[in-house]
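Chemist: Sequence and predicted structure below; questions after.
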Amino acid sequence: MSQIESLSQIEEKLNNLSHSANENIKNATTHSELDELRVSLLGKKGELSIILKTMANLSSADRPIVGQKANILKIYLQDLITTRKNQLTNEAIDKQIKDEKIDVTIPSIGTPPGKKHPLISTQDEIIDIFCGLGYSVESGPEIETDFYNFESLNIPKNHPARDMQDTFYLDENRLLRTHTSPVQIRYLEKNPPPVRIIAPGRVYRRDAVDATHSPVFNQVEVLCIDQDINFSHLRGTVLTFLKTFFGDIPVRFRASYFPFTEPSAEVDVQWKGKWLEVMGCGMVDPKVLEKLGIDSEKWTGFAAGLGVERFCMVRHQIDDIRKFYTNDLRFLEQFN
């Protein structure tokens with residue numbers, strides 16, 4: 001009779017453990033609480049283990065009964081704990097989603113203002129300087145004809161600039177302009193001298209991409225046509241511009257050759273102890289004026305051209321032209 005009572009007592013303890021554990025697990029509010037309950041219920045020194053130790057007093061016939069019920073209870077409690085853990089996890093995720101919900105219809109506040117790209121800032125500064133010298137800004141198409149890009153500028157058929165290796169041709173007569181000089185020709189066709197204009201814009205050449213070359217870059221062309229213009233006016237304009245942009249630095253003019261100017265020169269500035277070419281310039285060739293119906297005996301002028309990227313690289317000590325086109329914020333934010 002004592003064995004039957006003992007079996008009944010163990011079964012009662014297992015039932016009581018099942019009810020109390022069920023309540024405690026349902027009331028647990030954190031994962032750490034569930035971990036503590038798992039240890040206290042199912043650990044080596046847990047309540048279930050303590051109850052099972054009393055099986056020693058049972059008969060060999062009753063032990064399997066208790067063992068089976070204990071295993072069922074163990075699996076039941078493990079499932080309860082796992083289910084509650086998943087429930088707490090889902091509740092935490094739902095709360096996070098609710099707390100972090102963003103109303104996209106609310107107007108933004110504190111949006112940082114956009115900044116100019118360093119090339120645009122440099123070009124704007126160049127334009128401002130020449131506008132201060134009395135020049136106006138003109139523009140023209142980036143897709144040009146052979147006539148405006150070459151023929152009208154005294155560039156002969158056999159000139160290297162016409163080579164397919166240097167120019168992006170769209171067909172036999174159309175191409176991507178290699179300089180902004182065509183803007184000057186188009187302007188002079190409709191506007192008689194005197195003329196003082198600059199022509200900023202993108203130009204295209206079939207250059208291999210490296211630290212100093214790009215197939216697309218920005219250029220500013222300068223044109224002045226008036227009576228009695230000579231090389232001293234060209235020199236004075238260039239020196240004034242360079243001093244305004246770079247400050248008081250050494251400048252030199254070197255004899256050079258361009259098909260549309262005669263005489264021609266290249267302009268260098270001394271930078272970091274070395275001479276660096278920054279501009280090409282010269283007196284407008286009379287043949288260019290005559291093709292436009294302009295009396296070259298009465299009207300003379302000068303032209304100059306510069307690369308915006310080169311001026312920006314010198315100003316900010318940038319060693320690779322490719323950095324301008326990567327849109328890397330780590331690079332661009334330096335200029336904000």
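Modeler: Okay, I see it.
Chemist: Tell me where the model's unsure across the stretch 101-250 of the chain.
Modeler: 161-165 (pLDDT under 70).
Chemist: what about the strands in the stretch 101-250 of the chain?
Modeler: For the stretch 101-250 of the chain, the strands defined by DSSP state E, counting those that start in this stretch occupy 136-137, 143-145, 174-176, 195-204, 216-226.
Chemist: ok, longest helix in the protein?
Modeler: The residue-count maximum for a helix in the chain (DSSP state H) belongs to helix 63-99.
Chemist: In that helix, which residues are buried?
Modeler: Buried residues in helix 63-99, defined by neighbour count with 16 or more other CB atoms under 10 Å: Val66, Ala70, Leu73, Lys74, Leu77, Leu80, Ile81, Arg84, Lys85, Leu88. Just so you know, the C-beta spots here come from the backbone N, C-alpha and C atoms, and that holds for glycine as well.
Chemist: And the first one, how far from Asn173?
Modeler: So the one you mean is Val66. Distance of Val66 to Asn173, computed by CB to CB, to the nearest Å: 101 Å.
Chemist: and if you look at the third one?
Modeler: Distance, Leu73 to Asn173, by CB to CB: 92 Å.
Chemist: ok, now the second one?
Modeler: Separation of Ala70 from Asn173 (CB to CB) stands at 95 Å.
Chemist: Please apply the same query to the last one.
Modeler: The spacing between Leu88 and Asn173, counted by CB to CB, is 75 Å.
Chemist: cool, the fifth one as well?
Modeler: Taking CB to CB as the criterion, Leu77 is separated from Asn173 by 87 Å.
Chemist: Also the fourth one?
Modeler: Going from Lys74 to Asn173 by CB to CB gives 89 Å.
Chemist: Run through who's touching whatever helix or strand Ser40 lives in.
Modeler: Per DSSP states H and E, Ser40 falls inside helix 31-42. Contact with helix 31-42 is made by 17, 21, 24-25, 28, 46-49, 74, 77-78, 81, 84-85, 88-89, as judged by CB atoms under 8 Å, 6 or more residues apart in numbering.
Chemist: Helix, strand, or coil at Ile318?
Modeler: Following DSSP: H, G, I helix; E, B strand; the rest coil, Ile318 is assigned to coil.
Chemist: mind listing what's buried in stretch 220-240?
Modeler: For stretch 220-240, by 16+ other CB under 10 Å, it's Val220, Glu221, Val222, Leu223, Cys224, Ile225, Ile229, His233, Leu234, Arg235, Thr237, Val238.
Chemist: Could you dump these into TSV with distance to Tyr204 added?
Modeler: Shown next, in TSV, are those (distance: CB to CB, whole Å):
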residue	distance to Tyr204
Val220	16
Glu221	15
Val222	20
Leu223	21
Cys224	26
Ile225	27
Ile229	31
His233	31
Leu234	27
Arg235	30
Thr237	27
Val238	26
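Chemist: Among those residues, which pair sits farthest apart?
Modeler: Spatially, the most separated pair among the buried residues of stretch 220-240 is Val220 and Ile229, at 19.3 Å (CB to CB).
Chemist: Send me stretch 98-113 as PDB with only the CA atoms.
Modeler: What follows is stretch 98-113, C-alpha atoms only, in PDB (Å, rounded to 0.1, in the frame of the first residue of the first chain):
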ATOM      1  CA  LYS A  98       6.100  50.600 -33.800                       C
ATOM      2  CA  ASP A  99       8.600  52.800 -31.900                       C
ATOM      3  CA  GLU A 100      10.800  53.300 -35.000                       C
ATOM      4  CA  LYS A 101       8.000  53.900 -37.400                       C
ATOM      5  CA  ILE A 102       8.700  56.900 -39.700                       C
ATOM      6  CA  ASP A 103       5.900  59.000 -41.100                       C
ATOM      7  CA  VAL A 104       7.200  59.800 -44.600                       C
ATOM      8  CA  THR A 105       4.600  62.500 -45.000                       C
ATOM      9  CA  ILE A 106       6.100  64.700 -42.300                       C
ATOM     10  CA  PRO A 107       8.300  67.500 -43.800                       C
ATOM     11  CA  SER A 108      12.000  66.900 -43.200                       C
ATOM     12  CA  ILE A 109      13.900  69.100 -40.800                       C
ATOM     13  CA  GLY A 110      17.600  69.800 -40.600                       C
ATOM     14  CA  THR A 111      18.300  68.600 -44.100                       C
ATOM     15  CA  PRO A 112      21.900  69.600 -44.900                       C
ATOM     16  CA  PRO A 113      22.100  72.000 -47.900                       C
END
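Chemist: How far does that stretch sit from its chain's centre?
Modeler: Centroid separation for stretch 98-113 versus its chain: 23 Å, with CA atoms, centre = their mean, to the nearest Å.
Chemist: How about stretch 266-282?
Modeler: The gap between the average C-alpha position of stretch 266-282 and the chain average comes to 31 Å, counting by CA atoms, centre = their mean.
Chemist: Can you list the buried residues in it?
Modeler: Neighbour counts using 16+ other CB under 10 Å place Glu266, Val267, Asp268, Val269, Val278, Met279, Gly280, Cys281, Gly282 of stretch 266-282 among the buried residues.
Chemist: do the same with stretch 41-49
Modeler: Going by 16+ other CB under 10 Å, stretch 41-49 has these buried residues: Leu41, Leu42, Gly46, Glu47, Leu48.
Chemist: I'd like to know how many residues surround Asn16.
Modeler: Residues near Asn16, counting by other CB atoms under 10 Å, number 12.
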